[in-house]
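Chemist: Next comes the sequence, and after it the predicted model I'd like to discuss.
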Amino acid sequence: MFISKENKINCYCYILFGLYFIINLSFYGYGIYFLESFKIPYIVIGITIGVSALITSILQPVLGRFIDVHHYSWQKILLILNLIIIISVILMSLTQLYILFFSLILIASTGMYPFVVNSVFYYESYGIKTNFGVARGFGALTFCIFSFILGFALNDSGVWILLLLTLISSILMIITIFLLPDYGFSQKEQNEKSKSNILTKYPAFALLLISMVMFMTFQNMFECYMIDIIENVGGSVVNVGISNSISSVLEIPVMFLFLKILKRVPAKNLIMIAGIFYIFRAFLIFQAHDTFGIYLSQVFQMLTFAIISPATVHFTNEMMEDIDQYEGQALLGSTITIGLIFANFVGGNVLQFYNINILLIILIVLTVIGFVFAFLTNIFKNKHAY
């Protein structure tokens, strides 16, 4: 039985998302746990992750702009980033320069996001039927499975398993990239150049970015310091794995059905809905007195991140011309890394000098501010058509 070219491309895109999320899980989901195992202080960990995220937040839009203007292949960008990860993993295992190579891995892995996302829309622009929701859902499924496995594996085998998993995933991602066809750029894209600043050209998008920075700071702070939040209610690293698995498995049906949801509810309204549930989720985390309370808050991942992640991707592509979409998606992807900066600078200092309860209050404040800017984005989009 032969698989059609379209189905092959879709399968490779799904694999690309899955491998990205494995790498992301290893050094983003368990990054703090990794560095804590070497007795590195909270404040140093916070600065390390924050500076790495700052560099990534600058790198992502620069690379996106570079692709848009100079028509450089997104596949080549992903190849370079994966080579950086592979070299860093090998050198980290041979030396004790943990912070340096951890930073390089974090920069390269988080820097991949907008280009992994655009892999789906790239082939769609050439008439190949793709589904971002399914691709993202496959990534969530992979994250769920490996998060559950890693929770127990780390408890039994130690943190070095993270390096092995990352190395294998990066090698497999390079193979997958070579299997995906490169169609170059369309004649339309070759004849166009974006001449105006993307934020002044699409002012509602600028408001969306502020909203997403707040929500992603919440998301990053909760996920990065989940081990501390769970230990505060009597849990351990095993509970972190279970918690991550709950949130990931519940993302999957939403991701797979997202295109059907989008036909009924506009992307800008879905962002608002997710904002409301982010506030509710933050209060659940604050009120949690045991691991069950944390697990319950993770149920609402399906109504927060699982909705806002694809909704903002579609919202961005809806409002932007083709020539601006790489830069737009790169800026949108940078909200995750900017959120990572704020989460670790604030979180590291709060846990170093104050306590976990202050961190939980900050989570609530972030979601409220994020919702306000999501509301303003909705109003502004209604008043200004692009």
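Modeler: Here it is on my side, so go on.
Chemist: residue contacts, Ile23?
Modeler: Ile85, Ser109, Met112, Thr166, Ser169, Ser170, Met173 (C-beta atoms under 8 Å, 6 or more residues apart in numbering). Every C-beta, even on glycine, is put in place using the N, C-alpha and C of the backbone.
Chemist: so Phe146 touches Ile168, yeah?
Modeler: No: counting by C-beta atoms under 8 Å, no contact exists between Phe146 and Ile168, whose distance comes to 11.3 Å.
Chemist: re earlier: and of the contacts of Ile23, the nearest to Val249?
Modeler: Lowest distance from Val249 to the contacts of Ile23 (C-beta to C-beta) belongs to Ser169, with 19.9 Å.
Chemist: my guess is that closest one meets Leu25, correct?
Modeler: No: assessed by C-beta under 8 Å, Ser169 is found out of contact with Leu25, at 9.3 Å.
Chemist: Phe146 and Ile168: who's more crowded?
Modeler: Higher neighbour count among Phe146 and Ile168: Phe146, with 23 against 15, using other C-beta atoms under 10 Å.
Chemist: Give me the packing partners of the helix or strand hosting the more buried one, helices and strands only.
Modeler: Phe146 belongs to helix 132-157 when elements are defined using DSSP states H and E. Applying 3 or more C-beta pairs under 8 Å, 6 or more residues apart in numbering; DSSP states H and E, one finds that helix 132-157 contacts helix 5-24, helix 113-124, helix 160-179, helix 237-256, helix 258-264, helix 305-319.
Chemist: mind checking how far the last one is from the chain centre?
Modeler: So the one you mean is helix 305-319. For helix 305-319, the separation from the chain centroid amounts to 13 Å (computed by C-alpha atoms, centre = their mean, to the nearest Å).
Chemist: and the angle for it with helix 113-124?
Modeler: 60 degrees (axes from the mean of the first three to the mean of the last three C-alpha atoms, to 10 degrees).
Chemist: and helix 305-319, which residues are buried?
Modeler: Within helix 305-319, the residues that count as buried by 16 or more other C-beta atoms under 10 Å are 305-317, 319.
Chemist: do the fifth one as well
Modeler: Within helix 258-264, the residues scored as buried using 16+ other C-beta under 10 Å are Phe258, Ile261, Leu262.
Chemist: wait, what's in contact with the first one?
Modeler: Yep, that's Phe258 we're talking about. Contacts of Phe258 (C-beta under 8 Å, 6+ apart): Phe132, Gly133, Arg136, Gly137, Ile307, Pro310, Ala311.
Chemist: May I see these arranged in CSV, with distance to Phe300 as well?
Modeler: Shown next, in CSV, are the contacts of Phe258 (distance: C-beta to C-beta, whole Å):
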residue, distance to Phe300
Phe132, 22
Gly133, 19
Arg136, 18
Gly137, 17
Ile307, 10
Pro310, 16
Ala311, 16
